[in-house]
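Novice: pasting the sequence and the predicted coordinates here, then a few questions.
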Amino acid sequence: MSRAEVSIRDITRCPFSFADVVQCYAASWRSSHGFFPPERVAAFTGDAAASILTDLLAKGGRIWVADVDSMPAGIVALIGEEISKLYVHPDAQNLGIGSKLLAYASAHCHTPRLHVLSINLGAQRLYFRHGFRFTGNRRPFFERIMELEMIGPAHSGKVPLATIGD
Ligand SMILES: CC(C)(COP(=O)(O)OP(=O)(O)OC[C@H]1O[C@@H](n2cnc3c(N)ncnc32)[C@H](O)[C@@H]1OP(=O)(O)O)[C@@H](O)C(=O)NCCC(=O)NCCS
């Protein structure tokens, strides 16, 4: 799948059911929240994930979905200049999809911001590669884990082509 095509579409206009997009998000969330008690991770299924995405849309946020081989492979959200919910399905990680989603959301901002968990060194590497830097602002998240704020480079506003490997 290294040269597969990815199309990025607004969730309200993508060819997938909301439930399928939610399942993709929930699977990625569960795979990346192993630091929570197992019952809390297991409880993050369709309903919990759906209410988060519904709430985000109700607040005026946008959600984009990566379409790879006619399957939802990942999502990213944007409210104002704050990027969030960058989640790629575990089976589709490390193929460049997260980078494409991040670039796409960033292109809709002047100066994108996001929060990343202090323990999520993989995501931090990805954000650094895309020019994001820590602002020094942080807030508690869970036990000793913090959410660290990052700010991205000012963007020209040109939306990138969404093709993996291009
Ligand atoms: C982080 C994530 C969005 C990256 O998407 P992706 O499509 O896998 O990323 P790309 O293929 O474009 O780039 C690969 C880079 O992503 C990061 N990455 C890959 N898998 C990751 C994972 N499971 N967790 C965290 N970061 C990961 C690494 O920086 C990797 O580069 P590396 O070669 O230096 O390790 C995706 O792995 C994911 O959904 N992880 C779980 C949820 C998460 O951590 N989201 C970020 C919230 S701030």
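Specialist: In hand now; what should we look at?
Novice: where exactly do the helices run in the chain?
Specialist: 18-32, 38-42, 46-58, 97-106, 121-129 (DSSP state H).
Novice: what number of residues lie near the residue in the chain that the ligand sits nearest to?
Specialist: Nearest residue of the chain to the ligand, counting by C-beta to the nearest ligand atom: G98, 2.0 Å away. For glycine as for every other residue, the C-beta is placed from the backbone atoms N, C-alpha and C. For G98, the number of neighbouring residues by other C-beta atoms under 10 Å comes to 24.
Novice: mind checking how far it is from R30?
Specialist: Applying C-beta to C-beta, to the nearest Å, one obtains 17 Å for the distance of G98 from R30.
Novice: ok, for F132, nearest residue in space, not its chain neighbours?
Specialist: Excluding its sequence neighbours, the residue lying closest to F132 (C-beta to C-beta, 6 or more residues apart in numbering) is M150, at 4.2 Å.
Novice: let me see the contact set for that neighbour.
Specialist: Contacts here follow C-beta atoms under 8 Å, 6 or more residues apart in numbering; on that basis M150 touches R113, L114, H115, V116, Q124, Y127, F132, R133, F134, T135.
Novice: and it, how far from S118?
Specialist: 12 Å.
Novice: how about the residues of this structure by the ligand?
Specialist: Along the chain, the residues adjacent to the ligand under the rule C-beta under 6 Å from any ligand atom are 28, 32, 86-88, 93-99, 116, 120, 122-123, 125-126.
Novice: from P37, how far off is the most centrally placed residue in the chain?
Specialist: By C-alpha atoms, centre = their mean, the mean C-alpha position of the chain lies nearest to L86, the distance being 0.7 Å. Between L86 and P37 the distance is 24 Å, computed by C-beta to C-beta.
Novice: that older thread, of all the helices of the chain, which one is nearest S7?
Specialist: In this view, those are compared for proximity to S7 by C-beta to C-beta, and helix 97-106 is the closest at 9.7 Å.
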